[in-house]
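Undergrad: Build the 3D model from these lines:
(one chain, ligands or ions: 1)
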Amino acid sequence: MSSVRQVVLFGAALFAGAAQSQLPTPAQRELREIYKELVEINTTDSAGSCTDAANALAARLKAAGLPSQDVRVIALPDAPQKGNLVARYRGTGAKKPLMLLGHLDVVEAKREDWERDPFKLVEENGYFYARGASDDKSMVAVFTANLVRYRREGYRPERDLIQVATCDEEIVPSKYSGIVYLLKNHRDLIDAEFALNEGGAALLDKSGKYQRMTIQAGEKVFQTYQLEVTNPGGHSSLPVKDNAITHLAGGLARLGAFDFPFKLSATTRAYFEAMSRIESGQTAADMKAILREPPDAEAIARLAASPINNSTFRTTCVATMLDAGHATNALPQRARATVNCRILPGESVADVQQTLARVLADDKIRITPTHEPTLSPPPPLTPAIVGPVEKLSGEMWPGVPVVPTLLAGATDGRFTINAGIPTYGVSGMFRDPDGSGVHGLNERIRVRTLYEGHEFLYRLVKLYAGGQ
Ligand SMILES: [Zn+2]
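TA: Sure, this is the predicted structure:
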């Protein structure tokens, strides 16, 4: 099937609201085989092997004719199951490479909790079900399938295409993070002008209609702090006001009531501009009102009731764990809390710690960062990046707006961005609004979504990489 006809079919499905998949093309059948094989290799931390998955993809690429020296499976020295795939599809070299990034590992899944075997690809009612069906084996399989397809066509891009499929993206922090290891030890193998990655969660609405296409440009910085109060303690029958738990609890209550300042960046400004056209009524009016100078404080307060809006326009810090005291009949000698912050890119981590200290407002509470932050300044949304996404999206999903987003969560992209490789989350795969069971139970993806992402990325990579 030609790509032109495919567009017409997708368009027809869109306007008819039809959810059933079209008859698969040969390229789609090939994708499905690669996807099935990948999904059925368990890549959980507890029982799986990323190396097996990387080897399976490497075999596909070599069978398609990529030279074996260009297809490497790189395991970590002391973790043989934590393999990563690095495959280079050579172009003319006129431009710097493009990285096609994704992760092989998946979140744990217990058979007894799932309706179906999480490590069998099940197609039912227009969906594929499996752990990793969406996050992130859909995108990884699509990248491999497209390299195979390019090779068959004899496509010669102007830049090398480097598929990087990593292990331990889901484990934070992990000493076996594949992307961290590759950036440190094999930078030459994966160096690229920019990267495409997961994290661009295009959305369907509840009725299955296309709501928005997204391009994710930037991630919040993940920083955890330990708070600690120590105290001489004593017998609980003779309490004193100077109590470790009371100090800590008082500070946490103040933190709970506090909001970090409202702040927009180029990405989030563009996000609210686009969303104000998708939303209606008060929400749309509020989104317009926060874009004005000065932003409308009541509109900010109303929008902040939605956790997504709130996390998009401010840094957040929230208590996530507590641990205090040592006996029911003793005054606590120690009280500890964990506070997890998601810091807007570009905001100073040191400033956030100072703000925390000011808000906790108690000298007895000691604040210690638990790790070094990985900074990730938002990658620029240049016309060279956004243009091709808008063009293709307009062809495949006419009238569906393209919305830039900031990710409140974290992906491997924060490491590549920090290493100077601008990384964008864009897949052309539209998710159900309920999250599609990602990281949870009965993870799924619409069959048509997988095939649309396949076609979208096939063409997007060609637009970025040029050549014939
Ligand atoms: Zn993921």
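
Undergrad: can you pull the contacts of residue 270?
TA: By CB atoms under 8 Å, 6 or more residues apart in numbering, the contact set of residue 270 is 381, 403-404. Every C-beta, even on glycine, is put in place using the N, C-alpha and C of the backbone.

Undergrad: Report the buried residues of whichever strand or helix holds it.
TA: Assigned by DSSP states H and E, residue 270 belongs to helix 266-278. Buried residues in helix 266-278, counted by 16 or more other CB atoms under 10 Å: 267-268, 270-276, 278.

Undergrad: average pLDDT across it?
TA: In this model, helix 266-278 has an average pLDDT of 94.

Undergrad: helix or strand right after that helix?
TA: helix 281-291.

Undergrad: Residue 24 is in contact with residue 451, isn't it?
TA: Yes. With contacts counted by CB atoms under 8 Å, residue 24 reaches residue 451, the gap being 7.1 Å.

Undergrad: Have a look at those two and say which one is more surrounded.
TA: residue 451 (23 against 14; other CB atoms under 10 Å).

Undergrad: my guess is that one is in a strand, correct?
TA: No. Using DSSP: H, G, I helix; E, B strand; the rest coil, the assignment for residue 451 is helix, not a strand.

Undergrad: right, and it touches residue 27 too?
TA: No. Residue 451 is not in contact with residue 27 according to CB under 8 Å; the separation is 9.2 Å.

Undergrad: Let me know the secondary structure of the residue in the stretch 251-400 of the chain positioned nearest to the ion.
TA: Ranked by CB to the ion, the top residue of the stretch 251-400 of the chain for proximity to the ion is residue 376, at 15.7 Å. Using three-state DSSP, the structure places residue 376 in coil.

Undergrad: Let me know the pLDDT of it.
TA: For residue 376, the predicted pLDDT is 85.

Undergrad: Now the phi/psi pair for it, please.
TA: phi -150, psi 90 (degrees, to the nearest 10).

Undergrad: next one: residue 360
TA: phi -70, psi -30.

Undergrad: Over to residue 53?
TA: Dihedral angles for residue 53 - degrees, to the nearest 10 - are phi -70, psi -40.

Undergrad: ok, which stretches of the stretch 101-250 of the chain are helices?
TA: 137-153, 178-185, 187-190, 244-257 (DSSP state H, counting those that start in this stretch).

Undergrad: who does the third one touch, helix- and strand-wise?
TA: In terms of contacts (3 or more CB pairs under 8 Å, 6 or more residues apart in numbering; DSSP states H and E), helix 187-190 is packed against strand 79-89, strand 161-166, helix 178-185.

Undergrad: for those, which one ends up most surrounded?
TA: Sort the helices and strands packed on helix 187-190 by mean neighbour count, taking mean count of other CB atoms under 10 Å, and strand 161-166 sits at the top with a mean of 27.

Undergrad: okay, the angle between that one and helix 137-153?
TA: In terms of direction (axes from the mean of the first three to the mean of the last three CA atoms, to 10 degrees), strand 161-166 departs from helix 137-153 by 150 degrees.

Undergrad: Now stretch 318-328: buried residues?
TA: Quick answer for stretch 318-328 (16+ other CB under 10 Å): 319, 324-325.

Undergrad: mind checking the SS state of residue 311?
TA: helix.

Undergrad: State the distance from the closest residue to it other than its chain neighbours to residue 309.
TA: Of all residues beyond its chain neighbours, the one nearest residue 311 is residue 408 (4.1 Å), with distances taken as CB to CB, 6 or more residues apart in numbering. Counting by CB to CB, to the nearest Å, the gap from residue 408 to residue 309 is 11 Å.

Undergrad: Looking at the two, which one has more neighbours?
TA: More crowded of residue 408 and residue 309, by other CB under 10 Å: residue 309, with 21 against 16.

Undergrad: Next up, the contacts around residue 225.
TA: 317, 338-339, 341, 353, 356, 367-370.

Undergrad: and the ion, which of those contact it?
TA: Among these, no residue lies close to the ion (CB under 5 Å from the ion).

Undergrad: Next step: the residues you listed restricted to strands.
TA: 317, 338-339, 341, 367-369 (DSSP state E).

Undergrad: Which members of those are classed as buried?
TA: 317, 339, 341.

Undergrad: now those in TSV, with pLDDT?
TA: As requested, these are exported to TSV (pLDDT from 0 to 100):
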residue	pLDDT
317	98
339	98
341	97
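
Undergrad: Number of residues surrounding whatever residue of the stretch 151-300 of the chain ends up closest to the ion?
TA: Closest contact between the stretch 151-300 of the chain and the ion, by CB to the ion, is at residue 198 (4.9 Å). Residue 198: 25 surrounding residues under other CB under 10 Å.

Undergrad: Can you name the residue of the stretch 301-450 of the chain nearest the ion?
TA: Closest point on the stretch 301-450 of the chain to the ion, by CB to the ion, is residue 411, at 5.9 Å.

Undergrad: Can you name the residues that contact the closest residue to residue 313 other than its chain neighbours?
TA: Nearest residue to residue 313 in three dimensions, chain neighbours excluded: residue 262, at 5.3 Å (CB to CB, 6+ apart). Listed by CB under 8 Å, 6+ apart, the contact set of residue 262 reads 290, 295, 300, 313-314.

Undergrad: hmm, back to that, with the buried ones among the ones in strands among the contacts of residue 225 in mind, which one is nearest to residue 75?
TA: Nearest to residue 75 among those: residue 341, at 33.3 Å, using CB to CB.

Undergrad: Any residues of the stretch 151-300 of the chain in contact with the ion? List them.
TA: residue 198.

Undergrad: For residue 101, see how far away the most centrally placed residue in the chain is.
TA: The chain has residue 199 as the residue nearest its centroid, 3.4 Å off, counting by CA atoms, centre = their mean. To residue 101, residue 199 is 10 Å away according to CB to CB.

Undergrad: joint contacts of the two?
TA: residue 413.

Undergrad: Any buried residues in stretch 237-252, and which?
TA: Here stretch 237-252 shows 243-252 as buried, counting by 16+ other CB under 10 Å.

Undergrad: can you list those in JSON lines and add pLDDT?
TA: Shown next, in JSON lines, are the buried residues of stretch 237-252 (pLDDT from 0 to 100):
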{"residue": "243", "pLDDT": "98"}
{"residue": "244", "pLDDT": "98"}
{"residue": "245", "pLDDT": "98"}
{"residue": "246", "pLDDT": "98"}
{"residue": "247", "pLDDT": "98"}
{"residue": "248", "pLDDT": "98"}
{"residue": "249", "pLDDT": "98"}
{"residue": "250", "pLDDT": "98"}
{"residue": "251", "pLDDT": "98"}
{"residue": "252", "pLDDT": "98"}
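
Undergrad: what residues does stretch 178-186 touch?
TA: So stretch 178-186 is in contact with 50, 74, 76, 82, 84, 86, 101, 103-104, 164, 166-169, 189-190, 412, 415-416, 419, going by CB under 8 Å, 6+ apart.

Undergrad: hmm, I was thinking of stretch 151-159
TA: 64-66, 89, 91-98, 150, 193, 461-462, 464-468.
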